[in-house]
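J.: Just the structure for this:
(2 chains)
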2 protein chains.
Amino acid sequence: MTPEPMPLSQVGRSIPRLEASAKVTGRAEYVHNLRLPGMLYGKIFRSIVPHGRITQVNVSAARAVEGVHRVVTIEDIRSIIPNPYFGPAFHDQPILADHKVRFAGEPVAVVLAENYRVAEQAAGLITAQYEELQAVDDEVEAVSASVFVHDELKPASTFADLQHLKGQRGTNVALDYRLRHGDAEAAFAAADQVFEHSFRTQPVMHTPLEPFVSVADAANGRLTIHTASQSPSFVRIEIARLLGWAENRVRVKTAHLGGGFGSKLYIKLEALVAALSLLTGRPVKISLTMEEQFFMVTRHACTLKIKSAVDKNGRITARQCKTWWNGGAYADIGPRVTQKAGFTAAGPYDIENVALDSYAVYTNRPPASALRGFGAPQTAWAYETHTDLIAEALNIDKLEFRRRNILRNGRPQATGTVVRDTGLEAILDRLAERLAWDQPFDRGSDKLRRGRGIAIGFKAIVAPTTSAAIVKINADGSCTLYCGTVDMGQGSDTCMTQIAAEVLNIEAESIQVIHPDTDVTPYDMGTLGSRSTFHMGNAVRLAAEDAKSKIAALMAELNLPPGSNVPLVELFRRKYGMQAGNIIGTGSFHPAYAKPDHQTGRSPQVTPFWGVGGTGAEVEVDTETGQFRVTTLVNVVDAGVPINPKLVQQQISGAAIMQFGFTVSENMVFHEGQLTNGSLADYKIPGLLDLPRNFINEWVEARQHDGPFGAKGVGESATIALSPAIGNAIADAVGVRLTELPLTAESVYRAMQAAKGKPLPEQ
Amino acid sequence: MTPEPMPLSQVGRSIPRLEASAKVTGRAEYVHNLRLPGMLYGKIFRSIVPHGRITQVNVSAARAVEGVHRVVTIEDIRSIIPNPYFGPAFHDQPILADHKVRFAGEPVAVVLAENYRVAEQAAGLITAQYEELQAVDDEVEAVSASVFVHDELKPASTFADLQHLKGQRGTNVALDYRLRHGDAEAAFAAADQVFEHSFRTQPVMHTPLEPFVSVADAANGRLTIHTASQSPSFVRIEIARLLGWAENRVRVKTAHLGGGFGSKLYIKLEALVAALSLLTGRPVKISLTMEEQFFMVTRHACTLKIKSAVDKNGRITARQCKTWWNGGAYADIGPRVTQKAGFTAAGPYDIENVALDSYAVYTNRPPASALRGFGAPQTAWAYETHTDLIAEALNIDKLEFRRRNILRNGRPQATGTVVRDTGLEAILDRLAERLAWDQPFDRGSDKLRRGRGIAIGFKAIVAPTTSAAIVKINADGSCTLYCGTVDMGQGSDTCMTQIAAEVLNIEAESIQVIHPDTDVTPYDMGTLGSRSTFHMGNAVRLAAEDAKSKIAALMAELNLPPGSNVPLVELFRRKYGMQAGNIIGTGSFHPAYAKPDHQTGRSPQVTPFWGVGGTGAEVEVDTETGQFRVTTLVNVVDAGVPINPKLVQQQISGAAIMQFGFTVSENMVFHEGQLTNGSLADYKIPGLLDLPRNFINEWVEARQHDGPFGAKGVGESATIALSPAIGNAIADAVGVRLTELPLTAESVYRAMQAAKGKPLPEQ
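T.: Residues are numbered from 1 along each chain as shown, chains lettered A, B, ... in the order given. Alright, predicted model coming up:
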C-alpha cells in the first residue's frame, strides 16, 4: 500500500507540536473549563464497603440542602435507561450501584446542585446501609472462591473476538484465554532442564493530571456530551445503545486532554451525565477530584507463573505461562487485556512449544482496564526476570542468551502469526552498545554496589480496529484535516499533519486539524494501544491520496497536463469562476485480521504490527539500607520510520517515566478491600528529580512495510521491558531476586536480609 | 442528471421543519445569545453627515469612562489589516470610515467595553468634526454630478463577470451593464406605435427581526467568527484575504438566523469584529439595535425608463430599458444586482429587439445590496405597469396582451439564453382562473371602487455558483448531512433531508443536519438568490448518491447480491468486526454557465434556471380619500416539483407579505442625505392584520429537468410581480396610474386629484 521508500520532505521533521503555543499561553480548552447556561453540578456519593447488598440509601438530608436540585439513584436512571448497564467487553457495569456494591468507592447516588460546593456538601449528608458480603480480593483465590462478584456474568458485548462468551453463573472468571502452540507437555517431558518461577505485579493507576470530567447537554431530542475521552466514537455508539437512539442523535466532543493513558477509554462518566441531563432537562457536569480518580480505573494486578524447558544449547524449547489478571469489580476492557497480553506472554522468543492460560478475574476492587501497554509490562516483568534467572542458572551471558532465543522476522510467534518488520535484534544490539555490555563494568563498593540489567519485550496491537479521516482542500489550497484521534499530549495532531502534508506536498504546519467531535470527525475506534500512527496515519494517508487524485482529475478536466505548476487557488478559480469550492478526500483503514481460534488461541494474523521495546539499566544499591538509584536508563523502541522524531522521543521518555513510577514507587495498597493510600500524598508518582541522571530514549528503525511511510506506533513500547531491566540490574548488583513489583528499598533490604538467612517478619 | 420522474417517497412530503420544536421551546441558538469568557462589547460611533472629510475625532471623554477597554478608529484597524477595504464586487468599503464619510450613519469609531451599556454610554461621548462635502442623493443626477462619492473606483474583486472593471476616477457609475439583442433602433423606427414611461421605486430595507450580530474570537493563531450570516464560506474567504491568512485559519460559524433576506450576505460586521478581536486579543461582540440596521444595507431605489414598440397585432417588437440603481455609498453586491436584474429588465416577453442599459450608481446613502428578488421586483414594477398601459392604449385585454407576448419555453430570452422549464404560461392561466378573469367583475360603488390587476415576471438566478455537501452514514445506518446552506427560517435543512432521504430510501426525519460552520460543512457560495434548493439540493443529491454507491460497493465486497435486505449496521459489523466505521459520500454542484459578453451583454447560458412568479390582485379604493384595501391577493410561482409543499407555500406567502410591505407602506425617507424615519415606529412593516383577507399562495409545477427531483428555487418568485399587480388593480379601479412606489392613500388621492385637474402642491 505504502509507496517504496523515497525522499521525504514532511515525514521525519521534528516540527513543534501544533498546540504547544495554545497550551503554554493558557488558551487551550479543557472540558473542566466548560460551563453551560443552567448547568447542574453533580457530586457522587460512594460505597464504603467493598461488597454488599444495599438495604437503604437515605438522601433526605441531602435533598433538604438549599441549592440541591435533585438526588439521583439507580431507580431514577432506570426511568431513562431501562437496562442501565454498560461496558466494552460485557455490559456488566451499572451506571449507579444497582442494589449491590462491588467495590469500596463505587458510585451509589449523585447529588445535583446549582454549584459544586453545594453538591459536595449535600453528598456528605447521604448515608447508606449495606448487608455486607465477603469481599473477593486476590486474583488467584477469586478463581476458586465460593463468593461471586457477579451473580451472573453478562454475555459479550462489543468485540467480535469475545462473542463465544455467553455469560454464566457461579464463577469469577470473566474470560479464560488459552493458547496452545506445538506440544508443550511433550517438550517439558523431554527437557534437559526446567525452570519455573512466580511473579506478581501491583495495582497502579493512570493518574492523568486532568481528572475525569464529563458534561452532558440534552436538548431538542439530541444529546451532546463534552468529555475528556480517548474514544469519542465508542462513547457515541455506547450511549446511543443505552438510550435506544440512533447514533446521529448523540454528539460527543473532546477538548484537549490532560493525559489519558488508557483510563479515559470507553464509558467512564459519560453514561451517568447523559442520564442526569435527560432526567433534569439541564446540562450536567461531573468532574472528579484527584482522590476520586483512585476509584475509577486501575492497571491489573497480576499473578504470573512461568515455566521453561531449556536444552543444553541454551535454547528454550517449551514454555508454560499462567496469568491471573485482577480485574476488579467490572470487566471494562480487562478481558481483552487478558487475551491480547496472552498472545505475547511467553515473550519475544522463538519457542516451538507454548502453553498459555490467561484468566480475567472479577474481584471486589475498582475496575482494572488498559494502561499503556495493555498487559505487556506485567507479562514482561515475569518473562524477562525469568529469562535472566535461566541465563544465570545456565551461566550464559544474559544478552547472549536472549540473542540465542530471540524471535526473528519471518518466524511464527506463539499465536502462529509470523513476525515481520520488528526491531527485536536491533534493539538488543543497541542496548549492548549503549551499556557497553562487552566492556568491563565497575561494580562499585561494598557499601554501594553497582549492577546492570537488560530486558526486551513486545506486544500485539489492538485488532481489528478501524480509523477514518477526511482531508479537505479549501479554495485557496489550504488544507483541513478531520481526524478523530484524540491528541492528549502525544502529538498525534502534529503527526497526522505531517503524513497528510507528505502526500500533498505541502508544509505540515499549514494544515489545520479539527479536533474529535462525532458530529464532525469521522469514525475512529479510539486513541489507544499505540494504534493511531498506524491506523489513523494510514486513514489520513488514504484521505490525502484521495484528495490528491481528485486534484489530478480537476487538472485533467481543465486540460492541464499532470504536474502543471498551477496553484490550487487558480484551479478552483478556473473551475468555479471564483475562489470557491472544496476538494474532499476520504480514507478509511482497517488492517487485515484473523480472529484467534477459540480452542487454540491461534491466528495467522493476530496483530497489524508489533510494538517492541527494550531497556537497559544500571543501578547503585546501598547494601546497608536497600536503597537504590537507577543511574542509567536506556530505553530503545522500534519506531519504524519516525514521522516526527522529537515526538517519538517524547513518547519513549514519557512511557519510560510512567513505567519507572510503576517500577519503583507506585502501588495501590488495599486492606480488606479498602484502598489505604488514595491520594497523591500517599501514592507516589515520579517527579523529574526522581529520574535517572543518565536517561537515554531512542529508537531503531524497522520499517513497517504497511505503515504510513514506514511508521509504526510507539506509545507503549518503552513501558514493556523497563521493570525487569531494573530488577535484573538490582539482582546483578546485590544478588537478590525480587519477583514482585514495585521494587523498593524495603523490598530490596528484605530480600538481602533473607539471602543472609535473616528474614524480616512480614508486616 | 436527475433520474426520470418516479414514485417519490420523501420528496413531496410536507414534513414539519426540523428546528420547529427547538424554536418554539426557546432552545434554538442565536448568536445574540453567545457570551464568551472575557468578551468585550463594541458600540459604533457613526457619522452624522452624509458626505465629508473627517478633520477630527475626539475620543478622550469616551476613553475615560470606567469599563471602557479601548476606542478604535481606522488607524488601529490598519495596524492589523493594512488595506482595510472589503466588498464582494469591489473592495471599496473601509472597515471604519477612512478619513472620509460617505453616508450619514457610517461607522467612524468603536468603543470596546466590558459590557454593552458602558460601551453605549461612552460612544455617546465621542465627537467628530467634518469638512462637509456636497451629498449625492439622486441616482440619475449622480451619473452627471461633479461631486464623486469615491475619488477613485476600485477594480473588481470576487466575481469573474465583473473582471473587466478596472476602476477609474471622476465617476459615480460603478457598473454600466449593457445588453443588445436584435436591432432595437431599427425596430423603433419601423414601429406602428411606441410607448414610453418612467418609474421609480423607493429605498426599503430587509428588516430581519434578528438585527446584525457578530462575535470574533482570535486565539492561538486562528480566528473564529460567530455571525448571523447568510454566506459563511464567503466571510471566511474574505476575512482570510483581509488578514493575508490561509482560509483554514479562519472559522465562521452560524447559529439559527432570525431572517436575512439578502441583508446578511458577504461582509457586514465580520471584518470589524475580526480586527477588534485581533487588536485586543479578546473575544469581541457587536450587536446592532433595530435602529442601527437602517444604516447597514438597503434595497436599491431605482429610476426606470422603459419604451416599447408595438405592431398592429399587439406584439411587442422592440423594447428599450434604462435603469439607474441607487447603490448608496458602497457597492456591496449592487453591481451584480444591476447586471442580473438587467438580464430580465425587458420582462418575460418574447421581444426580438431589446436595448438595455443598467447603471449601478454610487450616492451618499447607506449601501444598497441584494434584497429578495435581486432587482427583479423593481424592474417588474416598471415593465408590468408599462405592459398594462400599452394594453390599455391598444384596448386589448391585459391578460390577452400578456399571453400574446409571453416568452415560451424554447425561445431565446433577451440575453440569448433559451428559456426552458418555465411555468410562465401556466401561471397566467392559473391567475386567470383564480381571479375568474373571464367572468363579470363587480366594480363596487362610486365611493368604494373595485378593480383588479395582474402581473407576471421572472428573474435569472445567481450564476456561476457552487455548492458542496457531505452525507455521512454512521455505523448504525443513521445519516448525518453536512450542508453549508443557512437555514434562516426558509426550511432548507428540512428540504435537504428530504432530498438525501429520497436517494437513500430512508425517513427524512431520521437525518441529522449539521449547521454551517466552515470548519465542518463544505463550501457553499451562500444562501441567497433562490439558489439553495437547486444548487445545494443537487450537491446533497450527489453526495447521497455517492454514499449509496459506496454502500453498494461494500455489499459487493461482502459478496451480498445487490438489493440484499441486510441492515446497514450488519454491513458495518461484517466489514469491521464490530459496530464501527462510516461511509462518507461527497457531492459538489456547479451548473453550466457562460459569462455574458461585455459588449453585448449576451450569453447562451446566463442562468441555471428561471425564477418565475405572477400575482393577481383585487382592490377596493375609497374615492374620497385614496385609501385602498387589497381584498384578494393571489400569488402563483413556478416551483418545479416541490420538495416540501408546505415549505414552498411558506416561501410564497413570506415573499408576498414582504413585497406587500414594500408596495403599500415601507419607504426610507431621506432628506438632504439624512434618513428621517429610521425606526420601526416610523417605518411601517406589515403586520398580519394588514394582509389581504383573501390571500392565496400557490404554485405551478414546471419540472426543472436538472433540478433535484425536478425542483427549483422559490424564495423570491412571489416578490416579482406583486407591486405592479396592485398598481394595475388600483388603476383598474379608479383610472389613475401610479408610477412610483410605495402606493399609499396619499399617492392615490394626489393622482385622483391630478386626474381631475386639481393637482395638490408638492410637499
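
J.: just the residues of the stretch 551-700 of chain A that are near chain B, which are they?
T.: A:573, A:575-582, A:584, A:586, A:588, A:590, A:593, A:595 (Cβ under 8 Å from any Cβ of the partner chain). Where you see a C-beta, it was placed from the backbone N, CA and C, and this is true even at glycine.

J.: same thing but 6 Å
T.: Residues of the stretch 551-700 of chain A that fall close to chain B, judged by Cβ under 6 Å from any Cβ of the partner chain: A:Y576, A:G577, A:M578, A:Q579, A:A580, A:G581, A:N582, A:I584, A:T586, A:H590.

J.: which residue sits closest to the fourth one, ignoring its sequence neighbours?
T.: Read it as A:Q579. Spatial nearest neighbour of A:Q579, chain neighbours left out: A:A475 (4.7 Å); criterion: Cβ to Cβ, 6 or more residues apart in numbering or on different chains.

J.: For that neighbour, grab the count of nearby residues.
T.: The number of residues packed near A:A475 is 25, by other Cβ atoms under 10 Å in any protein chain shown.

J.: Tabulate the CA atom coordinates of stretch A:94-107 in CSV.
T.: What follows is stretch A:94-107, C-alpha atoms only, in CSV (Å, rounded to 0.1, in the frame of the first residue of the first chain):
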residue,chain,number,x,y,z
PRO,A,94,-24.4,-0.3,36.3
ILE,A,95,-24.5,3.5,35.8
LEU,A,96,-25.0,3.7,39.6
ALA,A,97,-24.9,0.8,42.0
ASP,A,98,-27.9,-1.4,41.3
HIS,A,99,-28.8,-2.7,44.8
LYS,A,100,-25.4,-4.2,45.2
VAL,A,101,-22.0,-2.6,45.6
ARG,A,102,-18.9,-4.4,44.3
PHE,A,103,-16.0,-2.2,45.4
ALA,A,104,-15.4,0.4,48.1
GLY,A,105,-15.7,3.6,46.2
GLU,A,106,-18.5,2.5,43.8
PRO,A,107,-21.0,5.3,43.0
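
J.: For it, what is the distance to the chain centroid?
T.: 24 Å (Cα atoms, centre = their mean, to the nearest Å).

J.: how about that stretch: buried residues?
T.: Using 16 or more other Cβ atoms under 10 Å in any protein chain shown as the test for burial, stretch A:94-107 gives A:94-98, A:100-107.

J.: what does it contact?
T.: Here stretch A:94-107 makes contact (Cβ atoms under 6 Å, 6 or more residues apart in numbering or on different chains) with A:44, A:46-48, A:50, A:52-54, A:73-74, A:77, A:84-85, A:108, A:149, A:271-272, A:275, A:295, A:329, A:364-366, A:673-674.

J.: Below-threshold pLDDT in chain A: ranges please.
T.: A:1-6 (pLDDT under 70).

J.: by contact count, what packs against the lengthiest helix in it?
T.: The residue-count maximum for a helix in chain A (DSSP state H) belongs to helix A:532-557. When contacts are defined as 3 or more Cβ pairs under 6 Å, 6 or more residues apart in numbering or on different chains; DSSP states H and E, helix A:532-557 sits against strand A:467-473, helix A:492-504, strand A:583-589.

J.: switch the cut-off to 7 Å
T.: Packed against helix A:532-557, as judged by 3 or more Cβ pairs under 7 Å, 6 or more residues apart in numbering or on different chains; DSSP states H and E, are the following elements: strand A:467-473, strand A:479-483, helix A:492-504, helix A:568-576, strand A:583-589.

J.: for that helix, the distance to its chain's centre please.
T.: For helix A:532-557 - counting by Cα atoms, centre = their mean - the centre lies 29 Å from the chain centre.

J.: Just the closest residue of the stretch 251-400 of chain A to chain B, please.
T.: Chain B sits closest to A:R251 of the stretch 251-400 of chain A, with a gap of 8.8 Å, by Cβ to the nearest Cβ.

J.: Isn't that residue up against A:T227?
T.: No: when contacts are counted by Cβ atoms under 7 Å, A:R251 is not listed as touching A:T227 (10.8 Å).

J.: A:Y359 is nearest to which of the helices and strands packed on helix A:532-557?
T.: Ranking the helices and strands packed on helix A:532-557 by proximity to A:Y359 (Cβ to Cβ) places strand A:467-473 first, at 31.2 Å.

J.: could you pull out the helices for the stretch 251-400 of chain A?
T.: A:270-280, A:290-293, A:334-343, A:376-394, A:398-405 (DSSP state H, counting those that start in this stretch).

J.: Present those as CSV; the columns should include distance to chain B.
T.: Formatted as CSV, the helices of the stretch 251-400 of chain A follow (distance: least, Cβ to the nearest Cβ, whole Å):
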stretch, distance to chain B
helix A:270-280, 13
helix A:290-293, 24
helix A:334-343, 12
helix A:376-394, 22
helix A:398-405, 34
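
J.: tell me the most buried of these?
T.: helix A:334-343 (a mean of 28; mean count of other Cβ atoms under 10 Å in any protein chain shown).

J.: Now do it against helix A:376-394, angle only.
T.: Per axes from the mean of the first three to the mean of the last three Cα atoms, to 10 degrees, the angle that helix A:334-343 makes with helix A:376-394 is 30 degrees.

J.: domains of chain A?
T.: Taking automatic domain parsing as the reference, chain A has its domains at A:40-135+A:206-293, A:298-462+A:597-755, A:465-589.

J.: Now tabulate those domains in a markdown table and tack on distance to A:G26.
T.: Converted to a markdown table, these look like this (distance: least, Cβ to Cβ, whole Å):
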| stretch | distance to A:G26 |
| --- | --- |
| domain A:40-135+A:206-293 | 11 |
| domain A:298-462+A:597-755 | 21 |
| domain A:465-589 | 16 |
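
J.: Surely A:V700 and A:I427 touch.
T.: Yes: counting by Cβ under 7 Å, A:I427 is a contact partner of A:V700 at 5.7 Å.

J.: hey, what's in contact with both of these two?
T.: Common contact partners of A:V700 and A:I427 (Cβ atoms under 7 Å, 6 or more residues apart in numbering or on different chains): A:V636, A:D638.

J.: Sounds good, over and out.
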